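**Student:** Starting from these lines, generate the structure:
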Amino acid sequence: MMSEMQIHTIARQMMEKHGLTAIAEAAHNAQACESKGDIEEATEWRHIEDAMKLMRGPHQS
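**Tutor:** The predicted structure is shown next:
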């Protein structure tokens, strides 16, 4: 299991490299892990996805 620091570091690096598409990429990776039955890795990808959503900030309307 990754630490919160590792999760936020990966999330920040992905956002810097891919922009907002990084959120979709993390969600896709989580789904792929879930379909393979790798629940622990899927959970880590979901945490990374959530961290990126926090970095993005709230939706504007």
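
**Student:** ok, residues contacting stretch 20-40?
**Tutor:** 1, 11, 14-15, 18, 41-43, 45-46, 48-49, 52-53, 56 (CB atoms under 8 Å, 6 or more residues apart in numbering). Placement of C-beta: from N, CA and C, glycine included.

**Student:** what is the mean pLDDT for the top helix by length along the chain?
**Tutor:** The longest helix of the chain (DSSP state H) is helix 39-56. Regarding helix 39-56, the rounded mean pLDDT is 96.

**Student:** How far off centre is it?
**Tutor:** 3 Å (CA atoms, centre = their mean, to the nearest Å).

**Student:** mind listing what's buried in it?
**Tutor:** 41-42, 44-49, 51-53 (16 or more other CB atoms under 10 Å).

**Student:** Would you format these as JSON lines with distance to Ala26 included?
**Tutor:** Listed next are the buried residues of helix 39-56 as JSON lines, based on distance: CB to CB, whole Å:
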{"residue": "Glu41", "distance to Ala26": "12"}
{"residue": "Ala42", "distance to Ala26": "11"}
{"residue": "Glu44", "distance to Ala26": "10"}
{"residue": "Trp45", "distance to Ala26": "5"}
{"residue": "Arg46", "distance to Ala26": "8"}
{"residue": "His47", "distance to Ala26": "9"}
{"residue": "Ile48", "distance to Ala26": "5"}
{"residue": "Glu49", "distance to Ala26": "4"}
{"residue": "Ala51", "distance to Ala26": "9"}
{"residue": "Met52", "distance to Ala26": "6"}
{"residue": "Lys53", "distance to Ala26": "9"}
